[in-house]
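S.K.: predicted structure and sequence below. I'll ask about it afterward.
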Amino acid sequence: MPNDDTAFGTFNKQTKIIKQAISDGSTTYNIETFANVDAAKNYIFTSDALTVMDECCTVLQWALQADSNGDNTELKVTFAFGTKGTPGLAGADDWAEQYNTRKTALINAGNWCKEVAFGFTFTNSSDHLV
C-alpha cells in the first residue's frame, strides 16, 4: 500500500505502459494474457520491486491495458510522490529519491523485473490513471 504523505501535495507524476516484447529479432514469443492486475504485476516485477513501489510511492494506480487484439497483455501504472515534509530532510531521504535509489540498486542487481526470455518495454504516457 502506498505511503500517505500528501500534506504538501504530490510531485513527479509519471505513467508507464509496460508491454511484453514479442520477438528478440530471431524468435517470436507467446504473450501472456493477464486475468487481473495482480497477475500482471507479479508476472513482470519481482516482489522486491513491488515493495519499493508500495513503500515509496504516494500515488500508485494500476490497470490492465488491452493490446491491438483486445487481449489484456499490457500493464499501465501511474505513480507520484509526496514528501515527508520534515524540516532539514535531505533530498536523498525523501520519497522520490528513495524510489530512484532503491530502483537503481535492484536493476543493477537484476532484481527489478522478473527474468523472462523476451523482456518488457516501458513507454511513457501522458494519459494518467489518476
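M.R.: Sure thing, it's come through.
S.K.: could you use CA atoms for every contact and neighbour count after this?
M.R.: Will do.
S.K.: surely T51 is in a strand?
M.R.: No. T51 is assigned helix when assessed by DSSP: H, G, I helix; E, B strand; the rest coil, not a strand.
S.K.: how about the helices in the protein?
M.R.: In the chain, the helices defined using DSSP state H lie at 37-44, 47-56, 95-108.
S.K.: need the ones you listed in JSON lines with mean neighbour count, can you?
M.R.: JSON lines is the format used below for the helices of the chain (neighbours: other CA atoms under 10 Å):
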{"stretch": "helix 37-44", "mean neighbour count": "17"}
{"stretch": "helix 47-56", "mean neighbour count": "18"}
{"stretch": "helix 95-108", "mean neighbour count": "16"}
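S.K.: output the below-cut-off pLDDT ranges for the chain.
M.R.: 1, 23-24, 27-28, 87-90, 117-118 (pLDDT under 70).
S.K.: show me the residue at the heart of the protein, geometrically.
M.R.: Centroid-nearest residue in the chain, with CA atoms, centre = their mean: V77, separated by 5.8 Å.
S.K.: go ahead and name everything in contact with stretch 86-105.
M.R.: Residues outside stretch 86-105 that contact it (CA atoms under 8 Å, 6 or more residues apart in numbering) are 12, 49, 52-53, 56-57, 81-84, 112.
S.K.: now swap in stretch 61-73 and tell me
M.R.: 19-20, 31-37, 40, 74-79, 129-130.
S.K.: may I see the buried residues of it?
M.R.: 61-65, 72-73 (16 or more other CA atoms under 10 Å).
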